[in-house]
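Trainee: model the following, please.
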Amino acid sequence: MAETSLSRILEKVTSRNQLSGDEIIYLLQLEGDDLKQLLNQADRVRARMLGNKIHLRGIIEFSNNCRRNCKYCGLRQDNLALPRYSLAAEEIVAMAGQGAKLGYRTIVLQSGEDYYDAEKIAWIIREIKGQTDSAITLCLGERDYQEYKLWRAMGADRYLLKLETADPDLYHNLHPDMDYQQRRERLAWLKELGYQVGSGNIIGLPGQTEETIVQDLLLFKELDLEMVGIGPFIAHPGTPLADFKNGSVAMTLKTVAITRLLLPLSHLPATTALGSIDRQGRQQALRAGANVVMPNITAAEYRSFYQIYPAKICINEQAVDCRRCIGGIIAALGREVAVDCGHSPKMV
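Mentor: Numbers count the residues shown, from 1 in each chain. I've put the predicted structure just below:
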């Protein structure tokens, strides 16, 4: 396609938030100045629709126990070399309180697909809500409908349940003990219960093609997600995919940018995984349509044991150091840290 075609596609998606599969593939293949044009357009849409404030979500990784065997993940049950931990409810609430004091208006409770007691999680949500003015995002994998309902009733605001790929065959290959339709069903439950729902994908997964990324993007649009997390594949030595190469920074940025154009009101994080394979990765994502950063507020002694992928940045830092660092990054970009909870504009 000629330059005029790129301009036409960008004009179309900016005005209508729609793209065909062929148009998405064209954008995924951009390089050089054309790629800069795509990223700049996504950044302009982000600024116009959501402003120049960056929302911070403080993550507490409270358990690395997992009953799953996802082939790309270092937390997989069969990784016997990984020391396991599970924080007490009181520890989690205390970390959330520290995060709130550091200015985090959203606390993310994240774990492997553990058997952590649903009533205990409900207590944690209630305590955090009672002691702080922070929103709560849960990232706890597949649970029963009644558990999701309980946590929503206790005050949980958002739920992140990533698909990683919208291709059912690739999904099954990567998640041998999981079911694609069951994952989709739970996303529907979460919407029904009134959560702000997030999902996302991994760029560079073995077996992924441009066509499967198209499937991912079109599904994000179909689901009308409130948040989309997009990060690169990073090979973990304790998994069956240890010998595959990492995902591309450029392809990850393209996917972030196209997602911003398709879903102009969604919150898009500049992922830690992107910052782990490129020191400027998060900054580049924030210039390509992202508007969220998710610093780690887990106590430092546990961070090295929560390694979905290796060489994760910031695992030796204290929460206060992470807050200072990310504040500097945001200021250097000429932006500000948001002081509100960052609820979806569609639901406010």
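Trainee: so Ile213 is in contact with Gly204, correct?
Mentor: No. With contact defined as C-beta atoms under 8 Å, Ile213 does not count as touching Gly204 (9.8 Å). Where C-beta positions appear, they are placed from N, C-alpha and C, glycine not excepted.
Trainee: tell me the confidence at the nearest residue to Glu336 once chain neighbours are set aside?
Mentor: Nearest residue to Glu336, sequence neighbours excluded (C-beta to C-beta, 6 or more residues apart in numbering): Lys53, at 5.2 Å. On pLDDT, Lys53 comes in at 97.
Trainee: what's the burial count for Lys53?
Mentor: 15 (other C-beta atoms under 10 Å).
Trainee: find the residue closest to Asp177 in space, skipping its chain neighbours.
Mentor: Asn69 is the one closest to Asp177 (C-beta to C-beta, 6+ apart), at 5.5 Å.
Trainee: so the one you found is in which element?
Mentor: Using DSSP states H and E, Asn69 sits within no helix or strand.
Trainee: OK, contacts around it?
Mentor: Contacts for Asn69 were tallied using C-beta atoms under 8 Å, 6 or more residues apart in numbering; they are 76-78, 176-177.
Trainee: in TSV, list those along with pLDDT.
Mentor: Below are the contacts of Asn69 laid out as TSV (pLDDT from 0 to 100):
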residue	pLDDT
Arg76	98
Gln77	97
Asp78	98
Pro176	96
Asp177	95
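Trainee: what segments of the protein are strands?
Mentor: In the chain, the strands defined using DSSP state E lie at 53-63, 106-111, 135-139, 158-160, 196-203, 227-232, 292-293, 336-337.
Trainee: so for Leu30, which of those sits nearest?
Mentor: strand 196-203 (14.9 Å; C-beta to C-beta).
Trainee: now the angle between strand 227-232 and that closest one, please.
Mentor: Put simply, strand 196-203 runs at 20 degrees to strand 227-232, going by axes from the mean of the first three to the mean of the last three C-alpha atoms, to 10 degrees.
Trainee: by contact count, what packs against strand 196-203?
Mentor: Here strand 196-203 touches strand 158-160, helix 180-192, helix 210-223, strand 227-232, helix 249-262, going by 3 or more C-beta pairs under 8 Å, 6 or more residues apart in numbering; DSSP states H and E.
Trainee: can you redo the ones you listed as a markdown table with distance to Leu138?
Mentor: A markdown table is the format used below for the helices and strands packed on strand 196-203 (distance: least, C-beta to C-beta, whole Å):
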| stretch | distance to Leu138 |
| --- | --- |
| strand 158-160 | 5 |
| helix 180-192 | 9 |
| helix 210-223 | 17 |
| strand 227-232 | 12 |
| helix 249-262 | 22 |
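Trainee: make TSV from these and add mean pLDDT to it.
Mentor: TSV is the format used below for the helices and strands packed on strand 196-203 (pLDDT from 0 to 100):
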stretch	mean pLDDT
strand 158-160	98
helix 180-192	98
helix 210-223	98
strand 227-232	98
helix 249-262	98
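Trainee: enumerate every residue touching the nearest residue to Asn65 once chain neighbours are set aside.
Mentor: Nearest-residue entry for Asn65: Asp114, 4.4 Å, with adjacent residues in sequence omitted and distances by C-beta to C-beta, 6+ apart. By C-beta under 8 Å, 6+ apart, the residues touching Asp114 are 63, 65-67, 86, 140.
Trainee: separate out the buried members of those residues.
Mentor: When the contacts of Asp114 are checked for burial by 16 or more other C-beta atoms under 10 Å, the buried set is 63, 65-66, 86, 140.
Trainee: determine which two of the residues you listed are furthest apart.
Mentor: Longest span within the buried ones among the contacts of Asp114, C-beta to C-beta: Ser86 and Leu140, 12.5 Å.
Trainee: any shared contact partners between those two?
Mentor: 111, 114, 116.
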